[in-house]
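> From the sequence below, what's the structure:
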Amino acid sequence: MGLTGDRAGQPTLRLIFPDDAPDRIAGPPELDEPVAEVRGVNLHAKQMIDGRDRARLERLCKYIVRPPLAQDRLTRRADGLLQLELKRVWKDGTQALVFEPQELVARLVAMVPPPRFHQLRYL
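Purely as a prediction, here's the structure:
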């Protein structure tokens, strides 16, 4: 949903491939993958690293602390809107999302947890 500006309350703009596009995403993940979803929280537990394997542990830590958006996939369009190319095409064919600058900042700010908010939850 658009959060601010002229599109407040309207769905986020999507750029969608036509139905006959060859780059459509494949089916759902394998059934044997260790994936859980509880109350909207997804957990992908496919990676397991021995604590003594410092090189792989460092690589995983760098992956975890990466920024929320890849800079090379975010572009400013001629009309002033920001276009975020998706890493993979969605099932409905969506290949990119289009935001007003203030809307994108508002969405990023909403992802920042409040101070002293515990990120680790035990269910």
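> which element is Glu103 on?
Taking DSSP states H and E as the definition, one finds Glu103 inside helix 101-111.
> next one: that helix to chain centre, how far?
13 Å (C-alpha atoms, centre = their mean, to the nearest Å).
> Tell me which residues of that helix come out buried.
For helix 101-111, a neighbour-count test (16 or more other C-beta atoms under 10 Å) marks Glu103, Leu104 as buried. Using the backbone N, CA and C atoms, a C-beta is placed for each residue, glycine as well.
> Would you quantify the distance from the most far-flung residue of the chain relative to its centre to Ala78?
Farthest-out residue of the chain from its mean C-alpha position, per C-alpha atoms, centre = their mean: Arg52, at 30.5 Å. The gap separating Arg52 from Ala78 is 53 Å, by C-beta to C-beta, to the nearest Å.
> Also Pro67?
25 Å.
> for Leu69, same thing?
20 Å.
> With neighbour numbers in mind, choose between those two.
A direct count of neighbours by other C-beta atoms under 10 Å for Leu69 and Ala78 places Leu69 higher, at 12 against 5.
> which residues touch the closest residue to that one other than its chain neighbours?
Nearest residue to Leu69, sequence neighbours excluded (C-beta to C-beta, 6 or more residues apart in numbering): Leu84, at 6.7 Å. Contact analysis of Leu84 by C-beta atoms under 8 Å, 6 or more residues apart in numbering lists Leu69, Arg73, Leu74, Ala96, Leu97, Val98, Phe99, Leu104.
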